[in-house]
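In: Okay, structure incoming, though there's no sequence with it:
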């Protein structure tokens with residue numbers, strides 16, 4: 001057993017949840033605004049579908065050893081999202097389901113020794129192929145909550161939150177940030193910069209780190225448990241996220257556990 005087994009199981013469940021959400025949408029729902037400024041739900045669904053194909057490109061690179069970029073360039077990626085955003089729900093759903101299945105098939109067919117092959121996304125650093133699954137899971141979970149259809153950051157699974165907290169803070173900008181320390185889930189990250197200490201339940205902290213919880217909502221909390229980020233004042237905005245495609249120093253071979 002390695003982290004691959006965990007990531008594959010988590011990704012399957014996350015894909016199923018997202019597809020079930022999209023299947024319930026109407027054409028007007030798809031055309032309505034998402035929680036991401038300037039994007040409809042159609043933009044988001046198209047992005048997640050094309051992102052699956054982009055990770056299939058990285059899987060092809062890892063399997064064959066032939067350089068295959070994740071996307072040709074940013075302009076092409078953005079144009080494909082715009083082109084697909086206005087489609088009806090059924091076409092959106094079918095595209096998402098088919099692109100998800102293509103990536104799943106590539107994952108299942110990957111020779112075990114090729115999971116250690118190095119690939120590179122649109123941002124540095126290079127990372128081993130097994131981390132493609134963590135990156136894809138990040139896209140599915142984060143953007144599912146961005147649809148604004150009932151699934152929120154508070155629904156992110158604990159295993160996903162734990163891993164993403166670790167990776168987001170491992171990628172924290174080396175030139176410092178707006179807080180000095182982050183505390184969550186019994187862990188502490190220090191030496192982050194100048195400013196207050198951010199402390200709270202892991203999901204709240206990750207929502208803040210990813211820009212999904214900001215300002216007064218972050219300090220107040222928005223669930224019945226009344227929890228939020230424990231700060232004397234409203235928290236500063238977190239640094240740009242994601243700061244990198246992957247954290248530095250990942251082991252080449254899939255580890256038994258990660259992090």
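Out: Here it is on my side, so go on. Keep in mind that what you see is a predicted model, and the values were worked out from it rather than measured.

In: only C-alpha atoms for contact and neighbour calcs from this point on.
Out: Noted.

In: Could you pull out the strands in the stretch 101-250 of the chain for me?
Out: Ranges of strands within the stretch 101-250 of the chain are 118-119, 127-128, 181-184, 187-190, 197-199, based on DSSP state E, counting those that start in this stretch.

In: weakest of the ones you listed by average pLDDT?
Out: When the strands of the stretch 101-250 of the chain are compared by mean pLDDT, strand 197-199 comes last with a mean of 91.

In: Which parts of this structure are helices?
Out: Taking DSSP state H to define them, one finds helices in the chain at 3-23, 27-31, 41-64, 74-85, 89-109, 131-146, 158-170, 202-209, 215-220.

In: Show me how far the first one is from its chain's centre.
Out: If I follow you right, that is helix 3-23. Centroid displacement of helix 3-23 relative to its chain, using CA atoms, centre = their mean, to the nearest Å, is 12 Å.

In: closest one to residue 164 among the strands of the stretch 101-250 of the chain?
Out: strand 181-184 (12.0 Å; CA to CA).

In: Could you tell me which strands sit next to that closest one in the sheet, and their orientation?
Out: Paired with strand 181-184 in the same sheet, following DSSP bridges, are strand 187-190 (antiparallel), strand 197-199 (parallel).

In: Mind putting those into a markdown table with mean neighbour count and distance to residue 250?
Out: Shown next, in a markdown table, are these (neighbours: other CA atoms under 10 Å; distance: least, CA to CA, whole Å):
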| stretch | mean neighbour count | distance to residue 250 |
| --- | --- | --- |
| strand 187-190 | 12 | 18 |
| strand 197-199 | 21 | 26 |
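
In: can you put these in a markdown table and add distance to residue 48?
Out: Listed next are the strands paired with strand 181-184 as a markdown table, based on distance: least, CA to CA, whole Å:
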| stretch | distance to residue 48 |
| --- | --- |
| strand 187-190 | 31 |
| strand 197-199 | 30 |
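
In: Return the residues in contact with the nearest residue to residue 71 once chain neighbours are set aside.
Out: Once flanking residues are discounted, residue 71 sits nearest to residue 54: 6.0 Å by CA to CA, 6 or more residues apart in numbering. Contacts of residue 54 were listed using CA atoms under 8 Å, 6 or more residues apart in numbering, and they are 69, 70, 71.

In: CSV for these, including neighbour count, distance to residue 15 and pLDDT?
Out: Formatted as CSV, these follow (neighbours: other CA atoms under 10 Å; distance: CA to CA, whole Å; pLDDT from 0 to 100):
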residue, neighbour count, distance to residue 15, pLDDT
69, 17, 24, 98
70, 22, 20, 98
71, 18, 21, 98
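
In: still on that earlier bit, the helices of the chain: which one's closest to residue 119?
Out: helix 41-64 (6.5 Å).

In: Under the pLDDT cut-off, which ranges of this structure? List them.
Out: 215-228, 230-233 (pLDDT under 70).

In: mind running it again at 80?
Out: 174-176, 214-235 (pLDDT under 80).

In: roughly how far apart are the residue nearest to residue 71 and residue 38?
Out: Remark: distance between residue 54 and residue 38 (CA to CA, to the nearest Å) = 22 Å.

In: One more: residue 132?
Out: Residue 132 is 27 Å from residue 38, by CA to CA.

In: cool, and residue 48?
Out: Distance from residue 48 to residue 38, counting by CA to CA: 16 Å.

In: Which one of the two is surrounded by more residues?
Out: Taking neighbours as other CA atoms under 10 Å, residue 48 and residue 38 compare with residue 48 leading, 22 against 8.

In: Spit out the contact partners of that one.
Out: 96, 139, 140, 143.

In: Just send those back as TSV, with neighbour count too.
Out: Formatted as TSV, the contacts of residue 48 follow (neighbours: other CA atoms under 10 Å):
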residue	neighbour count
96	24
139	15
140	21
143	23
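
In: Count the neighbours of the residue nearest to residue 171 when sequence neighbours are not counted for me.
Out: Among residues not flanking residue 171 along the chain, residue 247 sits closest, at 5.4 Å (CA to CA, 6+ apart). Here the count is done by other CA under 10 Å, and residue 247 has 19 residues near it.
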